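Asker: Provided below for reference: sequence and predicted model.
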Amino acid sequence: MKIICIGRNYVAHAKELNNEVPDEPVFFMKPDSALLRNNDPFYLPNWTNDVHHEIELVLKIKRLGKNIGKQFAHRYYDEIGLGIDFTARDIQQKLKEKGLPWEKAKAFDQSAVLGSTFIHKSEFGDLKNISFRLLKNGIPVQEGNSSLMIFNFDEIISQISRYITLKIGDLIYTGTPAGVGAVGIGDRLEGFLDERKLFDFEIK
Ligand code: ZN
């Protein structure tokens, strides 16, 4: 399986990092070795001083597809989960300045947190109104809603599949809302999809 992540999919987040709002989705990838599950602790790497949390809704692909039309994209996923796209912001900034790829800042081990379960899309009243939030040490630091996405789930799937074949089990991290910030040793991160807690782990 592969992990595809969307960048700059919320206007307020693009602005907080002084990035342009894109007219088609920006995406990048993480390897499967980046996954962090089962509420295992995240160990801060020693080569960065600024790891940021980015909470994101995650789609799980259920069918093989290439060049998927927007109107058919809903057939390619049933389940929605919650994760964190950990980002070494200091490293990413240096890479961006040099026009280099982002993998060192985005694809490292444990950088793709995934919640304990996925929720079937039929359990949401409206896929364009899914709320989610991240608590750091009990305090809300990021609050998002799928209504604020620049590219919705179907547009994301359609666009990615123009370039990359989607396969069963692939994960798509759909971008983070505003409020990203650094994590430090001893922090506790809890993620909620609507009112369901899907992860709860510590930074070590
Ligand atoms: Zn992200």
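Answerer: Arrived safely, thanks for sending. Numbers count the residues shown, from 1 in each chain.

Asker: Gly169: what's its closest spatial neighbour, skipping adjacent residues?
Answerer: Among residues not flanking Gly169 along the chain, Met1 sits closest, at 4.2 Å (Cβ to Cβ, 6 or more residues apart in numbering). (Glycine included, C-beta is placed from N, CA and C.)

Asker: The one you found and Lys167: what is the separation?
Answerer: 7 Å (Cβ to Cβ, to the nearest Å).

Asker: before we move on, back to that, so what's the residue nearest to Gly169 up against?
Answerer: Going by Cβ atoms under 8 Å, 6 or more residues apart in numbering, Met1 touches Asp32, Lys167, Gly169, Asp170, Leu171.

Asker: number of nearby residues for the fourth one?
Answerer: Other residues lying near Asp170 total 22 when counted by other Cβ atoms under 10 Å.

Asker: Once you drop chain neighbours, what's closest to it?
Answerer: In space, Asp170 comes closest to Ile61 once its chain neighbours are excluded; the distance is 4.2 Å by Cβ to Cβ, 6+ apart.

Asker: burial of that neighbour, as a residue count?
Answerer: The number of residues packed near Ile61 is 23, by other Cβ under 10 Å.

Asker: Check Leu17 too.
Answerer: Burial measure for Leu17: 15 neighbouring residues, criterion other Cβ under 10 Å.

Asker: And for Ser33?
Answerer: Ser33 sits with 12 neighbouring residues when counted by other Cβ under 10 Å.

Asker: secondary structure element for the residue nearest to it when sequence neighbours are not counted?
Answerer: With sequence-adjacent residues excluded and distances taken as Cβ to Cβ, 6+ apart, Ser33 is closest to Asp109, at 6.0 Å. Per DSSP states H and E: Asp109 is located in neither a helix nor a strand.

Asker: what about His74, which SS state?
Answerer: When the structure is reduced to helix, strand and coil (DSSP: H, G, I helix; E, B strand; the rest coil), His74 reads as helix.

Asker: what sits opposite the closest residue to the ion within the chain in the beta ladder?
Answerer: Using Cβ to the ion, the point where the chain gets nearest to the ion is Asp85, with a distance of 3.4 Å. When assigned by DSSP bridges, Asp85 has beta-bridge partners Ala112.

Asker: Low-confidence stretches in the chain?
Answerer: Of all residues in the chain, none has pLDDT under 70.

Asker: Contact distance from the ion - what residues of it qualify?
Answerer: Proximity of the chain to the ion is assessed by Cβ under 5 Å from the ion, with Glu54, Asp85, Thr176 identified as the residues in range.

Asker: Let me have the residues you listed in TSV, extended by distance to Asn39.
Answerer: Compiled in TSV, those are given as follows (distance: Cβ to Cβ, whole Å):
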residue	distance to Asn39
Glu54	18
Asp85	17
Thr176	20
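
Asker: okay if I get these as JSON lines plus neighbour count?
Answerer: Written out in JSON lines, the entries for the residues of the chain next to the ion read as follows (neighbours: other Cβ atoms under 10 Å):
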{"residue": "Glu54", "neighbour count": "25"}
{"residue": "Asp85", "neighbour count": "26"}
{"residue": "Thr176", "neighbour count": "26"}
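
Asker: and the residue of the chain most remote from its centre, how far is that from Ala88?
Answerer: Largest separation from the mean C-alpha position in the chain: Lys98, at 24.1 Å (Cα atoms, centre = their mean). Plainly put, Lys98 is 15 Å away from Ala88 if you go by Cβ to Cβ.
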